[in-house]
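Colleague: sequence and predicted structure below; questions after.
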Amino acid sequence: MKKVEKILGIIGGSGLYDIKGLKNKKWVKVESAFGLPSDEILFAELEGLEIRFLPRHGRGHVLAPSEINYKANIEALKSIGVTEILSISAVGSLREDFMPGDFVLVDQFVDRTYARKKSFFEEGLVAHVSMANPVCQRNGNHLLQAAKDEDIKVHEKGTYLVMEGPQFSTKAESEIYRTWSCDVIGMTNMPEAKLAREAEICYTSVAMVTDFDCWHPNHDNVTVDSIIKVMTNNAQNAKNLIVKIAPLFLNDDTSDNCSCKRSLDNSIITAPNMRKKEVIEKLKSILNRININT
């Protein structure tokens with residue numbers, strides 16, 4: 001089997017690309033069949049690994065969570081050859097032992113969003129991919145090793161409740177989510193993870209805890225200054241983590257055979273004679289491994 005070049009796409013805050021050792025940096029406008037991505041994409045190289053940074057909310061944080069064009073973001077990354085995605089996002093904690101400053105390697109999601117387009121496959125080409133295990137465990141193991149090497153306090157597993165936003169939860173909602181055994185809460189990882197799975201890109205999620213959600217009895221005592229301090233420390237730890245994981249991703253000889261990269265096998269259910277040619281053409285970057293007949 002021909003070895004596939006590994007390219008790591010990183011979706012996160014607009015300052016994450018300010019990393020020491022990042023080479024050959026160039027911002028590139030990438031067009032998508034689904035409209036404009038959140039921003040231009042930064043092409044760069046780190047420790048020999050090709051990196052593509054996409055600011056999720058745009059540089060300067062100009063897009064609210066529900067305004068993000070998730071389909072354009074994922075399709076744009078796929079079209080430029082991204083094979084792995086590392087999602088980095090700030091979250092609130094729903095657990096006493098998940099403290100501000102902790103990192104969480106998300107392994108499950110509860111999707112409570114309702115105003116977002118969640119699939120590439122509709123209107124003439126329907127597919128059903130498995131989301132039982134929504135993140136790439138192989139890359140998750142690399143992230144765990146890198147976090148431990150950097151002495152970042154990391155939780156190996158966690159369930160991420162994705163809410164619509166942009167408002168935060170009511171206390172009643174927060175208490176309900178805690179009874180569901182959710183660990184952290186945020187607004188951005190869905191439908192990002194679902195679309196990455198449909199695009200056959202390995203997806204991993206690092207959630208950075210900034211504060212406790214409103215369930216916590218001492219939440220009101222948290223000051224803006226303390227939150228900013230936590231976010232600043234988290235951002236630096238995230239940069240250190242990226243530097244550490246680059247060679248681990250680059251030297252992973254099992255990447256080509258990851259099951260994430262075969263998620264469309266036997267997933268398309270629309271009868272061949274009913275598949276719309278214009279939809280297939282629009283999805284050509286998503287379907288580049290699949291032989292679609294009409």
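Modeller: Received it, and whenever you're ready, just let me know what you need. Numbering: from 1, shown residues only.
Colleague: backbone dihedrals for H216, please?
Modeller: As for H216, its main-chain torsions (degrees, to the nearest 10) stand at phi -70, psi 130.
Colleague: er, D97 actually
Modeller: Backbone torsions of D97, given as degrees, to the nearest 10, read phi -90, psi 0.
Colleague: ok, the one 3 residues further on next?
Modeller: For P100, the backbone dihedrals (degrees, to the nearest 10) come out as phi -50, psi 130.
Colleague: what distance do you get for the nearest residue to it once chain neighbours are set aside to R178?
Modeller: Nearest-residue entry for P100: V230, 4.6 Å, with adjacent residues in sequence omitted and distances by C-beta to C-beta, 6 or more residues apart in numbering. Yep, even glycine has a C-beta here, placed from its N, CA and C like the rest. V230 sits 21 Å away from R178, going by C-beta to C-beta, to the nearest Å.
Colleague: between the two, point out the one with more neighbours.
Modeller: A count of neighbours by other C-beta atoms under 10 Å puts V230 above the other of V230 and R178, at 20 against 16.
Colleague: residue contacts, K25?
Modeller: By C-beta atoms under 8 Å, 6 or more residues apart in numbering, the contact set of K25 is Y17, L42, F43, A44.
Colleague: show me what the worst-scoring helix or strand of the chain on mean pLDDT is packed against.
Modeller: Among the helical and strand segments of the chain, the one scoring lowest on mean pLDDT, DSSP states H and E is helix 224-250, with a mean of 88. Helix 224-250 sits against strand 7-12, strand 41-46, strand 49-55, strand 84-93, strand 103-106, helix 137-149, strand 202-212, with contacts defined as 3 or more C-beta pairs under 8 Å, 6 or more residues apart in numbering; DSSP states H and E.
Colleague: can you give me the end-to-end distance of stretch 25-39?
Modeller: Stretch 25-39 has an end-to-end distance of 15 Å (criterion: C-alpha to C-alpha, to the nearest Å).
Colleague: buried stuff in that stretch?
Modeller: Along stretch 25-39, these residues count as buried under the neighbour rule (16 or more other C-beta atoms under 10 Å): V30, S32, A33, F34, P37, S38, D39.
Colleague: which single one of the residues you listed is nearest to R95?
Modeller: Checking the buried residues of stretch 25-39 against R95 with C-beta to C-beta, the nearest one is S38 at 29.9 Å.
Colleague: for the closest residue to the closest one other than its chain neighbours, grab phi and psi.
Modeller: Sequence neighbours aside, G58 is the residue nearest to S38 in space, at 4.9 Å (criterion: C-beta to C-beta, 6+ apart). Comment: the main-chain dihedrals of G58 come out as phi 80, psi 150, following degrees, to the nearest 10.
Colleague: ok, back up a step: so which residues make contact with the following helix or strand past the least confident helix or strand of the chain?
Modeller: Using DSSP states H and E, the helix or strand that follows helix 224-250 towards the C-terminus is helix 277-282. Helix 277-282 is touched from outside by A33, F34, E123, G124, L125, L287, I292, T294, with contacts defined as C-beta under 8 Å, 6+ apart.
Colleague: find the nearest non-adjacent residue to P65, please.
Modeller: If you skip the residues right next to it in sequence, P65 has M187 as its closest partner in space, 3.8 Å away by C-beta to C-beta, 6+ apart.
Colleague: and that neighbour, how far from I74?
Modeller: Counting by C-beta to C-beta, the gap from M187 to I74 is 17 Å.
Colleague: for S205, same thing?
Modeller: 14 Å.
Colleague: still on that earlier bit, isn't the residue nearest to P100 up against Q236?
Modeller: No. Under the criterion of C-beta atoms under 8 Å, V230 makes no contact with Q236, lying 11.1 Å away.
Colleague: identify the farthest-apart pair in the contacts of K25.
Modeller: Farthest pair in those, by C-beta to C-beta: Y17 and F43, 10.4 Å.
Colleague: quick one: residues contacting the residue nearest the centre of the chain.
Modeller: To find the centre residue of the chain, average its C-alpha atoms and take the closest one (C-alpha atoms, centre = their mean): that gives S87, at 3.2 Å. Residues in contact with S87 (C-beta under 8 Å, 6+ apart) are I11, G12, T188, N189, E192, A193, Y203, T204, S205, V206.
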